[in-house]
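Visitor: Output the structure for:
(chains A, B, C and D)
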Number of protein chains: 2
Amino acid sequence: MSRKTFQRLSLDDRRRSLMEATLTCVARHGLHGATVRRITEEAGVTVGLVRHYFGNKDDMIRNAYAYLVGQLTAQASESAKHTVAAPETQLARFLRANMTTPNMSEEKVSLWATFIGRVRHDADFAEIHRDGYREFLNVLETLIEPVLINHQRPHSIAACKRHAIALNGLIDGLWMEGALNSGLYGQDILPDLVIEASERLLGIPSGVLANAQPSQQPQSEVS
Amino acid sequence: MSRKTFQRLSLDDRRRSLMEATLTCVARHGLHGATVRRITEEAGVTVGLVRHYFGNKDDMIRNAYAYLVGQLTAQASESAKHTVAAPETQLARFLRANMTTPNMSEEKVSLWATFIGRVRHDADFAEIHRDGYREFLNVLETLIEPVLINHQRPHSIAACKRHAIALNGLIDGLWMEGALNSGLYGQDILPDLVIEASERLLGIPSGVLANAQPSQQPQSEVS
DNA sequence: CCAGTTATTATACAATTGATTAATTACAAA
DNA sequence: TTTGTAATTAATCAATTGTATAATAACTGG
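Guide: So this is what the prediction gives:
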């Protein structure tokens, strides 16, 4: 008899709510288990809204993926540019952020991997991935260059890009394996491990990143 | 009313055929698009065989994942232990193998990523992944230790493991991003990039891995 | 060549899927 | 308050899903 009471949300709010419910369901049940009914139930609405806001399920999932990548890259660049600090500090903080929660979470890695599997056959997924990857590389290059300069290392655009590619590979790989936590080692070793490995990859003296001032005062140690 | 003619295969052959068809379909259509009908059609049989050989679809997929991981680790250790050569040569060959076809293929990366998304919620998937990861780390440790010794670097078990974790992260990350080929750079730069990065990570002189004698005879500049 | 075993096919079935439509009702504007 | 708009619900639909069962035929051992 009585219909379900509901609330009319703005277009942006409802779309975001549905995209977040989509990500929750994909993380929890995989792509094949993220059905329209489960997603809308998670969002607290009925199935008709999918058509109303996204046209169909596939488009909703595509939008949810773009939303996820946007979150990941946003928090990446944010943790980098957040404060004014020495380049070494900024880079060190960025590296640590990617090896600790909330950035390194099992749920995000699972989501990321699940969607990566679709990049190959869906042009929209491929574009979303490429944009996110490019953004991540750009952030890394921006962080790396001043550190190289400070320590008299080659810092051409090509050199910076090459370093960014290597560092991104290192971060991606450890981010994934670390979050999955296979139990072969503790995740707590990863921040220091990444810092040390990055020092070696960049060819800068040991300790430059490890001992960088955490956040407060930029070290005026350039001479 | 002619029935389909068929061939009776041995248990192992039929199971392998079904697992390979499963991987093909998952790579092509994703987990949600890998239906029993598509898989069995790919394998050239009818749907009833899934129940007969695996009980149900989920078990077939689990077995296919284990089959994939077995392939990946097998070709990894094989490319390492293939010939008797200097430790530097063996490590260099292993690194290059992971940055070139057939190891670095878009299909394998897509498959790998798709399944990784399930590790979190399925204990069987988690175990399969952990075993493969452990095997990969072991191979790396075995390859790294003699190289460290040859160049008077610290080579305790702990140090080797630490280096293996970092190198594995680097390889995993570049293997993924490289295979997906976002177009931001050419995949052909990756073998040399990985070699150079590994030299730095291990703290061995530049060129030790890059100039290691390949198995056959290409580089004529060292005569 | 024949009989027995069982791998394999063919078909059926209930459940679930994504999509669509018409009926409601929340909310803003007047 | 009243009215108009459109966000949302509820119900229906055909198609597809995984599973189950009986009929068939390929192969093996005698």
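Visitor: and the worst-scoring helix or strand of chain A on mean pLDDT, which residues are buried?
Guide: Within chain A, no helix or strand scores below helix A:57-81, which has a mean of 91 by mean pLDDT, DSSP states H and E. Judged by neighbour count (16 or more other CB atoms under 10 Å in any protein chain shown), helix A:57-81 contains these buried residues: A:57, A:60-69, A:72-73, A:76-77, A:79-80. (Glycine included, C-beta is placed from N, CA and C.)
Visitor: distance of the residue lying closest to A:Met60 once chain neighbours are set aside from A:Asn63?
Guide: Leaving out its chain neighbours, the residue that sits closest to A:Met60 by CB to CB, 6 or more residues apart in numbering or on different chains is A:Phe54, at 3.9 Å. According to CB to CB, to the nearest Å, A:Phe54 and A:Asn63 sit 6 Å apart.
Visitor: Ok, A:Glu106 next?
Guide: Plainly put, A:Glu106 is 23 Å away from A:Asn63 if you go by CB to CB.
Visitor: hmm, the helix or strand containing A:Gly117 touching chain B?
Guide: Using DSSP states H and E, A:Gly117 falls within helix A:106-119. Yes. For helix A:106-119, a contact with chain B is found by CB under 8 Å from any CB of the partner chain, at A:Glu106, A:Glu107, A:Val109, A:Ser110, A:Leu111, A:Ala113, A:Thr114, A:Ile116, A:Gly117, A:Arg118, A:Val119.
Visitor: ok, residues contacting that helix?
Guide: A:23, A:26-27, A:30-31, A:65, A:68, A:72, A:125-126, A:129, A:175-176, A:179-181, B:30-31, B:109-111, B:113-114, B:116-120, B:176, B:180 (CB atoms under 8 Å, 6 or more residues apart in numbering or on different chains).
Visitor: residues contacting the residue positioned nearest the centre of chain A?
Guide: With distances taken as CA atoms, centre = their mean, A:Leu72 lies nearest the centre of chain A, 2.9 Å away. Residues in contact with A:Leu72 (CB under 8 Å, 6+ apart) are A:Asn103, A:Lys108, A:Trp112, A:Gly132.
Visitor: Quick one: distance of the helix or strand A:Ala21 falls within to the chain centre.
Guide: In the assignment (DSSP H and E), A:Ala21 maps to helix A:11-29. Mean-position distance between helix A:11-29 and its chain equals 17 Å (CA atoms, centre = their mean, to the nearest Å).
Visitor: I'd like the average pLDDT over it.
Guide: For helix A:11-29, mean pLDDT is 97.
Visitor: Which other helices and strands does it contact?
Guide: If you count contacts as 3 or more CB pairs under 8 Å, 6 or more residues apart in numbering or on different chains; DSSP states H and E, helix A:11-29 packs onto helix A:36-43, helix A:48-54, helix A:57-81, helix A:106-119.
Visitor: how about those in a markdown table, adding distance to B:Ala210?
Guide: Below are those laid out as a markdown table (distance: least, CB to CB, whole Å):
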| stretch | distance to B:Ala210 |
| --- | --- |
| helix A:36-43 | 50 |
| helix A:48-54 | 50 |
| helix A:57-81 | 31 |
| helix A:106-119 | 30 |
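Visitor: Out of the ones you listed, the one nearest A:Leu193 is which?
Guide: Nearest of those to A:Leu193, taken as CB to CB: helix A:106-119 at 17.4 Å.
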